[in-house]
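Visitor: Just need the structure, nothing else, for what follows:
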Amino acid sequence: MEPTRERILFAALKLFSEKGYLSTSVADILREAGANSGSLYHFYPTKQDVLLAVLEMYRDGIYPMLLAPAWEGVDDPIERVFALLGAYREMLRATDCLYGCPIGSIALELHEPDPPVRELLSVNFDGWVTHVKGCLDQARHRLPPGTDTRALAVFVLTTMEGGVMQSRTHRTLDAFDASVAGLRSYITLLEAAADSRAGDQRQGTGT
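Guide: Below is the predicted model:
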């Protein structure tokens, strides 16, 4: 069995993603974790301390918990981006579209979060974008020269968060699938434009 501290954090992460931070009570966390109040308050004096610890866990665990499983066996850097989106789709499917990205849900829910919370939310978003940017950088030769890979990675994040939000609202995967299909079409157009430009250059040099 996981240590009590880890059980509390994973329980809180699950509940914050499904119910939201404000709608999740300490009693909910204790019940989900199978822990008593003394154990929780020993580690986390307040509910916000639990939230900060969850955000730190998500920040530190994004690669081992999310990226590594999604990318296992996927070598193509562009396909890694879509494998990551596929992992979110699977979490939506497995929860009948109840799943919500914990970071996105909390960012929307807390309109004016305390500075430590906002800072960790920002760090988590930046970490996600940085990993996706790394994939796009590996595929830079397949994109038009001058492509802003960070801006494109932000677009990928926006596509994912918007698709999740709409799918949760409608309780169907349709919006998520449509969002990802639109992103796929856009990246395919970028690749086609880069390939066409390379072909023109080869013709211009007579090679």
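Visitor: Could you list the low-confidence segments of this protein?
Guide: 1-2, 198-207 (pLDDT under 70).
Visitor: now the helices for it?
Guide: 4-18, 26-33, 37-43, 47-61, 68-71, 77-94, 102-109, 115-138, 149-170, 174-204 (DSSP state H).
Visitor: Adding mean neighbour count, write these out as a markdown table.
Guide: Where you see a C-beta, it was placed from the backbone N, CA and C, and this is true even at glycine. Compiled in a markdown table, those are given as follows (neighbours: other Cβ atoms under 10 Å):
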| stretch | mean neighbour count |
| --- | --- |
| helix 4-18 | 20 |
| helix 26-33 | 16 |
| helix 37-43 | 14 |
| helix 47-61 | 18 |
| helix 68-71 | 15 |
| helix 77-94 | 18 |
| helix 102-109 | 20 |
| helix 115-138 | 17 |
| helix 149-170 | 18 |
| helix 174-204 | 14 |
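Visitor: I'd like the distance between the closest residue to F16 other than its chain neighbours and T149.
Guide: Spatial nearest neighbour of F16, excluding adjacent residues (Cβ to Cβ, 6 or more residues apart in numbering): P102 at 5.1 Å. Distance, P102 to T149, using Cβ to Cβ, to the nearest Å: 25 Å.
Visitor: Next: R168.
Guide: Distance of R168 to T149, computed by Cβ to Cβ: 29 Å.
Visitor: again with I106
Guide: Distance, I106 to T149, by Cβ to Cβ: 27 Å.
Visitor: ok now do the nearest residue to E109 once chain neighbours are set aside, which residues does it touch?
Guide: Once flanking residues are discounted, E109 sits nearest to G20: 5.2 Å by Cβ to Cβ, 6+ apart. Neighbouring residues of G20 by Cβ atoms under 8 Å, 6 or more residues apart in numbering: 100, 105-106, 109.
Visitor: Next, G20: phi, psi?
Guide: phi 100, psi 160 (degrees, to the nearest 10).
Visitor: Likewise for the one 5 residues further on?
Guide: Torsion angles at S25 (phi, psi; degrees, to the nearest 10) stand at phi -90, psi 160.
Visitor: how deep is it tucked in, by neighbour count?
Guide: 12 (other Cβ atoms under 10 Å).
Visitor: Just the CA trace of stretch 129-136, in CSV.
Guide: C-alpha atoms of stretch 129-136 as CSV (Å, rounded to 0.1, in the frame of the first residue of the first chain):
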residue,chain,number,x,y,z
VAL,A,129,4.5,23.5,-23.2
THR,A,130,8.3,22.9,-22.9
HIS,A,131,7.9,19.2,-23.4
VAL,A,132,5.7,19.6,-26.5
LYS,A,133,8.0,22.3,-27.8
GLY,A,134,10.9,19.8,-27.5
CYS,A,135,9.0,17.4,-29.8
LEU,A,136,8.3,20.2,-32.3
